[in-house]
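A.B. asks: Everything below, folded, please.
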Amino acid sequence: MPTVLVTGSNRGLGLEFVRQYAAAGWDVIACARRPERAADLAALALAHEGRVQVEALDVTDRASIDAAARRLEGRAIDVLLCSAGTMGRGSTAGTGFPGSRFGEIDYADWEEIFRVNVTGPMKVIEAFVEHVARSAGRKIVALSSIVGSIASNTSGGLYAYRASKAALNAFMKSLAIDLGRSRGLVVAMLHPGWVRTDMGGPRADIDAPESIAGLIKVIDGLDAAKAGRFWRYDGSELPW
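C.D. replies: Model prediction:
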């Protein structure tokens with residue numbers, strides 16, 4: 001069976017990716033910063049014994065990423081899925097974005113957002129590119145957001161989160177070119193929609209199962225012609 005590695009799999013969209021891929025018969029490497037605290041993930045692993053493998057991986061800790069890659073040395077990964085992300089300390093649909101208001105910028109929070117949303121995924125991809133290259137699927141995808149689209153920004157605000165997702169899109173586009181040419185890998189960015197999670201809040205448009213079911217279809221359909229592009233969960237393409 002094919003294998004998917006999911007970062008940020010302890011809750012929200014990452015956890016739903018684990019649930020749906022495992023239910024579809026995939027082998028899932030579910031990565032979480034603190035697996036001992038991930039009760040829902042542990043329950044999924046138990047329910048799909050032998051199919052869901054839980055690994056400790058903190059996307060802000062380069063040594064942690066390298067250690068996970070070494071533990072999985074020789075393993076083929078068909079889909080490398082960078083799902084871990086943050087809007088910043090205390091940022092949810094209910095609380096707003098307290099560290100990202102003009103004139104009140106929390107620069108330490110900005111740095112943490114970029115560690116999770118930008119440098120973290122880049123390091124994960126560097127560490128696991130050989131695992132992906134030896135697979136049949138040969139796909140690398142990252143969860144971005146429509147707020148990273150400069151063309152779609154009509155409301156302003158969200159400075160740090162917007163900037164981090166625009167940066168993610170920029171380097172993923174370059175990786176699509178470079179890894180497509182050198183390794184034949186397919187690299188793309190995904191927008192999950194506004195989803196009812198702890199971060200998205202109860203008033204969001206869709207629930208996690210709908211979002212992830214759509215994203216999995218998009219991932220399944222990725223090929224070289226669709227690489228380096230920005231895809232919505234419903235299969236439509238987003239502008240930059």
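
A.B. asks: CA atoms for contacts and neighbours, from now on please.
C.D. replies: OK.

A.B. asks: Name the single longest helix found in the chain.
C.D. replies: The residue-count maximum for a helix in the chain (DSSP state H) belongs to helix 159-183.

A.B. asks: and that one, which residues are buried?
C.D. replies: Within helix 159-183, the residues that qualify as buried by neighbour count (16 or more other Cα atoms under 10 Å) are 159-173, 175-177, 179-180.

A.B. asks: Tell me where this structure has helices.
C.D. replies: 12-23, 39-47, 62-71, 107-114, 120-133, 159-183, 208-220.

A.B. asks: Check which helices and strands the fourth one sits against.
C.D. replies: Taking 3 or more Cα pairs under 8 Å, 6 or more residues apart in numbering; DSSP states H and E as the contact definition, the neighbouring helices and strands of helix 107-114 are helix 159-183.

A.B. asks: Show residues contacting the helix it packs on.
C.D. replies: In this structure, residues lying in contact with helix 159-183 by Cα atoms under 8 Å, 6 or more residues apart in numbering are 86-88, 100-101, 110, 113-114, 117-118, 133, 144-145, 147-150, 185-189, 224, 227-230.

A.B. asks: One more: stretch 81-91?
C.D. replies: Where contact means Cα under 8 Å, 6+ apart, the residues beyond stretch 81-91 that reach it are 4-9, 13-14, 59, 97-99, 109-110, 112-113, 116-117, 121, 124, 140-143, 160-161, 199.

A.B. asks: are any of these buried, and which?
C.D. replies: The neighbour count (16+ other Cα under 10 Å) marks 4-9, 13-14, 59, 97-99, 109-110, 112-113, 116-117, 121, 124, 140-143, 160-161, 199 as buried among the contacts of stretch 81-91.

A.B. asks: quick one: low-confidence parts of the chain?
C.D. replies: Scanning the chain with the threshold set as pLDDT under 70 gives 90-100, 198-201, 204.

A.B. asks: In it, which residue sits furthest out from the middle?
C.D. replies: In the chain, the greatest distance from the average C-alpha position (Cα atoms, centre = their mean) is reached by G103, at 30.2 Å.

A.B. asks: For S236, see how far away D27 is.
C.D. replies: Remark: distance between D27 and S236 (Cα to Cα, to the nearest Å) = 28 Å.

A.B. asks: Give me the neighbour count for E126.
C.D. replies: Counted by other Cα atoms under 10 Å, the residues lying close to E126 total 12.

A.B. asks: which one of D27 and S236 has more residues nearby?
C.D. replies: Just comparing D27 and S236: by other Cα under 10 Å the higher neighbour count belongs to D27, 22 against 10.

A.B. asks: That one pairs with what?
C.D. replies: Beta-bridge pairing for D27 (DSSP bridges): T3.

A.B. asks: From D40, how far off is it?
C.D. replies: When distances are taken as Cα to Cα, D27 and D40 turn out to be 18 Å apart.

A.B. asks: now swap in D66 and tell me
C.D. replies: D66 sits 25 Å away from D40, taking Cα to Cα as the criterion.

A.B. asks: who's more crowded, the two?
C.D. replies: More neighbours surround D66 than the other of D66 and D40, with 17 against 14 (other Cα under 10 Å).
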